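Engineer: Attaching a predicted model along with its sequence, questions to come.
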Amino acid sequence: MSNQLLGKIILVLLILIWFFSLITSFAYPSVFEQMVIEDGVIENLTVLVLFVALCLSIFRFIKHFSVKSWMWKGTMLGLCLFLLFGFGEEISWGQRIFDIPSDEFFQEKNTQGEINIHNLKLGGIKLNFLISQVFTILLSIYLILFPFVYRKKEGFKNFINQAGIPIPSKLQIIVMISSIVLMLIIQHGQKWEVLEISLALGGFLILLNPLNNKEIYQ
């Protein structure tokens, strides 16, 4: 299966998730709540997407290791670690899978009593809130500033390609922004699981077939 065909399938899946989430959140909230519960279909799909993205990144890292620059290797290694962290956090590092009990620290400091970092509350501050704020800023720069400068500045374009940083296409930017706009429309308090799967699928689209696919992956 080609990257283009797989990308179209993922896009259709994402649109279906948006449509179903919108309808159920307003008309059938009990159905929506079943979708977004802990270890529910949406969270499990998010875990699956992160795992596949991690495997793809590791495969590319190994495949091109001998011919790519140290900057490209550093970017790919950083991406692999980022995806591993996201995957691990989503499954609480295997806690529920292997039935690992939380120690006293996580029982006291974690808002869900689980072994993960993003749900910690330290000194009255939720790390999840801080992480989301930083992530929003970085994502905005990546989606808006990077593609604009990439198209305008040849030096920046060469650096990005040399470093192996995937640049989103216009369609992919629209998909990511639409995922965020959707959260402004859905009023249900448990809507954030939908945002996570939307960003995960949108991010996978960028990783799979970025604007500079030939320059960084071939």
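Structural biologist: The structure has been received and is ready for your questions.
Engineer: Now Lys126. Its backbone dihedrals?
Structural biologist: Dihedral pair for Lys126: phi -80, psi 120, per degrees, to the nearest 10.
Engineer: The nearest residue to Trp93 once chain neighbours are set aside in helix, strand or coil?
Structural biologist: Of all residues beyond its chain neighbours, the one nearest Trp93 is Ile115 (5.4 Å), with distances taken as Cβ to Cβ, 6 or more residues apart in numbering. For glycine as for every other residue, the C-beta is placed from the backbone atoms N, C-alpha and C. Following DSSP: H, G, I helix; E, B strand; the rest coil, the label given to Ile115 is coil.
Engineer: wait, doesn't Ile115 sit right on Glu104?
Structural biologist: No: the pair Ile115 / Glu104 is not scored as a contact, 11.9 Å apart, by Cβ atoms under 8 Å.
Engineer: who touches the residue lying farthest from the centre of the chain in this structure?
Structural biologist: Ranked by distance from the centre of the chain (Cα atoms, centre = their mean), the top residue is Glu104, with 30.0 Å. Listed by Cβ atoms under 8 Å, 6 or more residues apart in numbering, Glu104 has no contact partners.
Engineer: before we move on, back to that, enumerate every residue touching the residue nearest to Trp93.
Structural biologist: Counting by Cβ under 8 Å, 6+ apart, Ile115 has contacts 92-93, 95, 100, 102-103, 106.
Engineer: Just the buried residues of those residues.
Structural biologist: 92-93, 95, 102, 106 (16 or more other Cβ atoms under 10 Å).
Engineer: Secondary structure and distance to Leu139 added to the contacts of Ile115, as JSON lines?
Structural biologist: Output for the contacts of Ile115, formatted as JSON lines (DSSP: H, G, I helix; E, B strand; the rest coil; distance: Cβ to Cβ, whole Å):
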{"residue": "Ser92", "secondary structure": "helix", "distance to Leu139": "24"}
{"residue": "Trp93", "secondary structure": "helix", "distance to Leu139": "24"}
{"residue": "Gln95", "secondary structure": "helix", "distance to Leu139": "28"}
{"residue": "Ile100", "secondary structure": "coil", "distance to Leu139": "32"}
{"residue": "Ser102", "secondary structure": "coil", "distance to Leu139": "30"}
{"residue": "Asp103", "secondary structure": "coil", "distance to Leu139": "33"}
{"residue": "Phe106", "secondary structure": "helix", "distance to Leu139": "28"}
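Engineer: Can you add distance to Leu11 and give the residues you listed back as CSV?
Structural biologist: Converted to CSV, the contacts of Ile115 look like this (distance: Cβ to Cβ, whole Å):
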residue, distance to Leu11
Ser92, 30
Trp93, 31
Gln95, 33
Ile100, 37
Ser102, 38
Asp103, 42
Phe106, 38
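Engineer: Of those residues, which is the nearest to Leu45?
Structural biologist: Set against Leu45, the nearest of the contacts of Ile115 by Cβ to Cβ is Ser92 (16.8 Å).
Engineer: give the contact list for the closest one.
Structural biologist: So Ser92 contacts 114-116 (Cβ under 8 Å, 6+ apart).
Engineer: And those, which is closest to Phe87?
Structural biologist: Asn116 (11.3 Å).
Engineer: in the protein, which helix or strand is least confident?
Structural biologist: helix 95-98 (a mean of 84; mean pLDDT, DSSP states H and E).
Engineer: Pull the residues that contact it.
Structural biologist: Helix 95-98 has contacts (Cβ under 8 Å, 6+ apart) with 39, 91, 102, 114-116.
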